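Q: dropping the sequence and predicted coords here.
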Amino acid sequence: MTGESTTGTMRSKARVRLSERTWGYLLASPAFLLVGLVAVAPIAAALWLSLHRRLPVFGVDEFVGGWNYLQLWSDDRFWTACRTTLYFTALSVAAELLLGFALAILLDYLTNEMAGSSRWAQVMIVVPWAIPTVVSAQIWAWLYQPDYGLLNHLLHRAGLITRAIDWLADPDWAIHAAIVMDVWKTAPFAALLLLAGLKAVPRDLYAAARVDGAGTWQQFRHITLPLLMPVVVIVLIFRTMDAVRVFDAVYVLTGGGPGNSTETLSIYAYKTLFQTLQFGYGSTLATAMFLIVGALSCLYLLLLRRHLQEAA
Amino acid sequence: MPAAEANGRNSVTWWLRRRGLALCLLSLAGLFCLGPVLWQAVTSIKPDQDLVRLPPIIPERITASHYERVVSRSSLVQSLANSAVVAASATALAVVVGGLCAFALARLPIAGKPVLLGLVLSTSMFPPIAVISPLYLVMRGLGLRDTLIGVGLTHAVYALPLAIWILTSFFRQLPVELYYAARVDGCTPLRAMVSVLLPLARPGLAVSALLVFIFSWNEFMFALTLTASDATRTAPVAVAMFPGLYEIPWGDIAAASLLVTLPVAGLAALFQRHIVAGLTAGSVKG
Amino acid sequence: MAEVRLEHLSKRFGATTVLPDVTLTVQDGEFFTIVGPSGCGKSTLLQLLAGLEHPTSGRILFDGVDVTDSEPRERDVALVFQSYALYPHMTVRDNLSFPLRVTKRKTGLDRRQIEGDVLRVAGLLGLESLLDRWPRELSGGQRQRVALGRALIRQPRLFLLDEPLSNLDAQLRAVMRTELRQLHDRLGTTMIYVTHDQTEAMTLADRVAMLDRGVVQQVGSPRELYDQPSNLVVARFFGHPAINLLEGEVRGGRLRIDPLELQRSAPADGIGLPDGLRVTVGIRPEQVLVTSGNRPFDAASYGEEGRAKGVVRLLEYTGSQTWVVVEVDQSGKGIMMIGLGSSEDSLRSGQPVSVLVTRGPYHLFDMKTGAGLGIG
C-alpha cells in the first residue's frame, strides 16, 4: 500500500508537467503532420513543378519560371477546357441550387404537415448523394445508351423524339448529359443543407410576419430568403469548388469526348499529366484550376457579403 | 353559421388539394432520385438477351446470372474487401487524429487557430488532380505504392479537414464548464477529453466517422492512381474499369454497381439524420 | 486550508483588460465573497485562482507558495459552477467519485476508500438515495448538491464557488445559503464565493470584496461596506432599495443638501471639508421617513434632522413595510427620494407628503470622482 503510493508519487514527479498550450500543440500535431506530409508537401511540390518543364520520357527537367503560365495564355485547348468547365459549373450549380431549393421547401412542408412521409423522403433524397460517383456515371451511361437506353425509349414513347439520340457521342448533347447526371447526384446535397437552414428559421418569425400581414410570398422573400443566405453561400461555394474540379463523373461517363467537347480542366490536366506525361505543364494547369476555384469563392463572398451581414 | 360551414368545407378541399399536390411532387422527386437506381436494379436482373430490347420496361423474366458472374468471375469481391479495409482504416485514422486536433482547436490555447484551420481547409480546396503525381512519389518513397495502407492513409488525410471541421464544432457545442470542471477535478487535458468530452461528443464522432467512411468508399481518383493490381484495387475503380471484351456487359455492370452501392447507400439511409447533422455542423448554425 | 494572496494580478484578453491590477488577501478559513455587477471580472478572477486561465502579470500565492504557473490539478482547489457542470454521462455516484478516480495514481486511494468517501459526502448532503440517478433526472436543488458534493469529496484546501445559487428559485436559494454557511463553519475550509447578488454577498461572507470593472473598490466585513462605503460605486451597489443620492454643498462650514431643509446642520467643519465644495450626499432609505400631512417637527420621536415636502410617486409594498418614492423637488428637476412609509398612514400616489430624514450618517462623496469623503 505505502509502496504503491510512493511509486505513484514518484511516477507523477517523473512525469513531465505540460502546460495546456503544450498539450494543444501535442494533440494537434499528428493531424498537421499527416496533412503536411500527404497534402501540403504534394501541393508545394505541384506548385514547384508548375515552374518546370519536365518530360521524363525525354529526360527533360528544367526550371522555366513562369513560362508554363505564359504558355497557358496561348493554349487554345486550355481555354476550351476553361469554357467547358465554367459552362458545366454554371449550369449544374444553378440547377442544383434551384432544384435543391424546391426539394428543401417540399421537404420542409412535409415535415410540418406529414411528419411520417418526410423521414422517408429524406432517406430517398440521401441515396443519390451517397452513391459512388463512378457508379452513378455507370448508371447514367446505361440510361443514355442510344439503342436500348431507357431515356431514348421514354422520349420516343412520349413522342418527343423520332430518331434515337446518341447522348454521349453527340458533342452538343454530351456536356448536358454530364450536367444532368451531376445535378441528379448533388442536388440532394444542396437540398439537405437548405432544409436544415429552413428548419433553423425560428417559427416565431413567420408568426410575427403573418400578424404583420405578410403573405406566403412576402414571408419567403423577407424572412426565409435573407435568413437562408449564409447556407446558400455555403452551398454555392462547396458545389462550385466541386464542379470546377469535376473529374470522375465526366471521366467515367465520356472520358472527355466526343472530341474534346466534355474535356474539363481536371480531365485536361489528368491527360497532360498521365497520358502525355508533361508533369510541369500538367501541374500548371492544376494550379490554374486552384486559382480559379479560389477566385470564384472570393467572388461569391464579395457579392453576397451584404446578404451575409444582413442575416448576421 | 352557414358561412362558417362553407368556409370549413372550402378549407377541407383546399387542404386536400394542397396535400395531394405535395404528395404528387413528392412522388415526382422520388422518381427523380430513385428512378435511375431502380432502373439499374431492373437491369441487373434481366437476362442478357432482354437487355437489348425495350419495351417491356418491367422485365418478364428475371435472372441472377449477372450477380453470379460478378461474384465468381471478376475481382469485385476482392475489391469490395479492399474498399472495406481502406474505408475502415481511413475512418479510424481520420477520427482519432482529427478528434485530437479538433479538441485542441476547440478548447486549448493554441496560437494562430484561424490560420491553422484555414490551412487545413485550404488543402481540401486544392484540386486533387494536381497533387496526384507528387503524392505518387511520396507514397513510393514511403514504400506504400500499390498498398491498401497507402490508399487508406491518403483518404484519411483528405478527409481530415472534414472530420476536424465537424468535430471542432461538436466540441465547441459542449459547455466549456464541463471541461473546466474536469480540469479542476484533476484531469490532464487529454484525460478531460477522453473521460468527459468524448463520451458527450459521440454523435459528432459517429457523424464524422460515417462521412469519412462514405468519402473513402466512394473516392476514385486517388484509388485509381495509387493502386495497380487487383489485390489493391478498390470497388469504384473496379466498377469503372469493368472488363468488357467485345461489348459493354451492362447487366454485369449493373449488378456490380448495386453491390458497390449497397453498403454506403444503406449506411446513408440508416443514419440519414446524423448525416444531415454532420453536413450542417457549423455551416447552418454558424 | 489555505490563505490566498493575489499580488498585482492582471489579466488581458487581447486588447481588453479585464483585471488591471488586483491585490487581495483572503485569510485562512475565511468565507470570502467577491461581488460586483456582471462583467466586472469576478469570474475571470475565479478562473485565475483555479488555474484555468493564466494571469498576464502578477502572482497568486496559496499559503505563501507561488502557484501562478501551476496547473489546475496541482492546486488542490475545487470549483462549483453556476451551471453545476455535472457530467451528464455519469451517475451521481460517478460524478461524486470522479475527482478521486482521476487522481487515484497520485493519492493511491483504492475502490473501497473511494466508495467510502462517496457515501460520506452523500450522507453529508442528503444524496444517499440519489446515487444511481443520472443528472438529468435531478431537480435543480439536487443538482446543486451533487455539484457541491463533487467539490467536497476531495477535501481541497480551497473552495471556489461561481454564482452557485443563481440557477435556483428564490426559496431554495435562501435554504441553500444557510446550508452553505453551515457547511463552511463545519469544514473550516477557505471559501471564495463569487456572486452578483448583494444579499448573498452580505449574508454569507466574513468579508466581502466589491469588484467593479476589474478594480477592487473596497474590502471589508459586510457591515463595513454598508455603513462605510469607500466610494459611490460601493454605496450604490449595496442596499435595497438603493441609497438616496442628493446634491449638496459645504457653505460656511455647514453642509447644505439641495432639496432638504436641514434643522440640525451636519458638522461639515468637523471633517475638515473646504468651503464651497460640491458633494454627493448618500442617505440610506431606512433613514428616511415619509409621513402624510404637515405635522410639525418632532425630533424627539423620529430623531428628525431634516425635511422636505414632496408628492408620492410610487408605493412599493413589501409586506413588513412600505417603501415610498417621493418627488421632493418643486423646481421640476424631478429629484426622487425613497423612504419608509409611516406605519400610521395609508399613502396614495399623488398625495402631498413630508419627507423626514432621521438621525443617522450622511455619506459624503466627491461629486466629480465619487471618492468617499467620510460621514457627515
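A: Everything's here; your move. Residues are numbered from 1 along each chain as shown, chains lettered A, B, ... in the order given.

Q: for the rest of this, base every contact and every neighbour count on C-alpha atoms.
A: OK.

Q: and the next element down the chain from the one helix or strand C:Glu316 maps to?
A: Per DSSP states H and E: C:Glu316 is located in strand C:304-317. Once the chain leaves strand C:304-317, the next helix or strand it forms, by DSSP H and E, is strand C:322-327.

Q: rewinding a little: sheet-wise, list the partners of the strand holding C:Glu316 with their directions.
A: Applying DSSP bridges to the sheet, strand C:304-317 is found paired with strand C:261-262 (antiparallel), strand C:322-327 (antiparallel), strand C:352-358 (antiparallel).

Q: how about these in CSV, adding mean pLDDT and mean neighbour count?
A: Listed next are these as CSV, based on pLDDT from 0 to 100; neighbours: other C-alpha atoms under 10 Å in any protein chain shown:
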stretch, mean pLDDT, mean neighbour count
strand C:261-262, 70, 17
strand C:322-327, 90, 24
strand C:352-358, 83, 24
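
Q: which SS class is the residue in chain B positioned nearest to chain C?
A: Proximity to chain C, evaluated over chain B using C-alpha to the nearest C-alpha, is greatest for B:Gly186 at 4.1 Å. When classified by DSSP: H, G, I helix; E, B strand; the rest coil, B:Gly186 comes out as coil.

Q: for the nearest residue in space to it that is not next to it in sequence, grab the count of nearby residues.
A: Spatial nearest neighbour of B:Gly186, excluding adjacent residues (C-alpha to C-alpha, 6 or more residues apart in numbering or on different chains): C:Arg73 at 4.1 Å. Per other C-alpha atoms under 10 Å in any protein chain shown, the neighbour tally for C:Arg73 reads 21.

Q: and C:Arg73, how far from A:Thr80?
A: Per C-alpha to C-alpha, to the nearest Å, C:Arg73 is found 64 Å from A:Thr80.

Q: B:Gln272 now?
A: Distance, B:Gln272 to A:Thr80, using C-alpha to C-alpha: 40 Å.

Q: who's more crowded, those two?
A: Counted by other C-alpha under 10 Å, B:Gln272 and A:Thr80 do not tie: B:Gln272 has more neighbours, with 23 against 18.

Q: per-residue pLDDT, that one?
A: We have a pLDDT of 78 for B:Gln272.

Q: residue of chain B closest to chain A, please.
A: Residue of chain B nearest chain A, by C-alpha to the nearest C-alpha: B:Cys101 (4.0 Å).

Q: so that residue touches A:Leu27, yeah?
A: Yes: using C-alpha atoms under 8 Å as the test, B:Cys101 is close enough to A:Leu27 to be in contact (5.7 Å).

Q: what pLDDT, on average, does stretch C:100-111 get?
A: Computed over stretch C:100-111, the average pLDDT equals 86.

Q: how many residues are close by C:Leu172?
A: When neighbours are counted by other C-alpha under 10 Å, C:Leu172 comes out with 13.

Q: ok, it - contacts?
A: Neighbouring residues of C:Leu172 by C-alpha atoms under 8 Å, 6 or more residues apart in numbering or on different chains: C:Gly141.

Q: again, only using 10 Å
A: C:Gly140, C:Gly141, C:Leu165 (C-alpha atoms under 10 Å, 6 or more residues apart in numbering or on different chains).

Q: give the contact list for the residue nearest to the first one when sequence neighbours are not counted.
A: Excluding its sequence neighbours, the residue lying closest to C:Gly140 (C-alpha to C-alpha, 6+ apart) is C:Leu168, at 6.3 Å. Taking C-alpha under 10 Å, 6+ apart, we find C:Leu168 in contact with C:Gln82, C:Ser139, C:Gly140, C:Gly141, C:Gln144, C:Ala174, C:Met176.

Q: so, low pLDDT: which residues of the chain?
A: The chain I'm using is chain A. Residues of chain A meeting the criterion pLDDT under 70: A:1-17, A:114-116, A:304-312.

Q: nope, chain C please
A: C:1, C:262-271, C:293-304, C:330-332, C:343-345, C:359-360, C:376.

Q: list phi and psi for B:Thr234.
A: phi -90, psi 170 (degrees, to the nearest 10).

Q: isn't it right up against B:Ala84?
A: Yes: if you go by C-alpha atoms under 10 Å, B:Thr234 and B:Ala84 touch, sitting 8.6 Å apart.

Q: compare these two and say which is more crowded by neighbours.
A: B:Thr234 (34 against 18).

Q: ok so, going back, any idea how far the strand holding C:Glu316 is from the chain center?
A: On the basis of C-alpha atoms, centre = their mean, to the nearest Å, strand C:304-317 sits 28 Å off its chain's mean C-alpha point.

Q: okay, buried residues for it please.
A: Buried residues in strand C:304-317, counting neighbours by 16 or more other C-alpha atoms under 10 Å in any protein chain shown, are found at C:Glu304, C:Glu305, C:Gly306, C:Arg307, C:Ala308, C:Lys309, C:Gly310, C:Val311, C:Val312, C:Arg313, C:Leu314, C:Leu315.

Q: okay, those residues in a markdown table with distance to B:Ala238 next?
A: Listed next are those as a markdown table, based on distance: C-alpha to C-alpha, whole Å:
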| residue | distance to B:Ala238 |
| --- | --- |
| C:Glu304 | 101 |
| C:Glu305 | 101 |
| C:Gly306 | 100 |
| C:Arg307 | 99 |
| C:Ala308 | 98 |
| C:Lys309 | 98 |
| C:Gly310 | 95 |
| C:Val311 | 93 |
| C:Val312 | 90 |
| C:Arg313 | 87 |
| C:Leu314 | 85 |
| C:Leu315 | 85 |
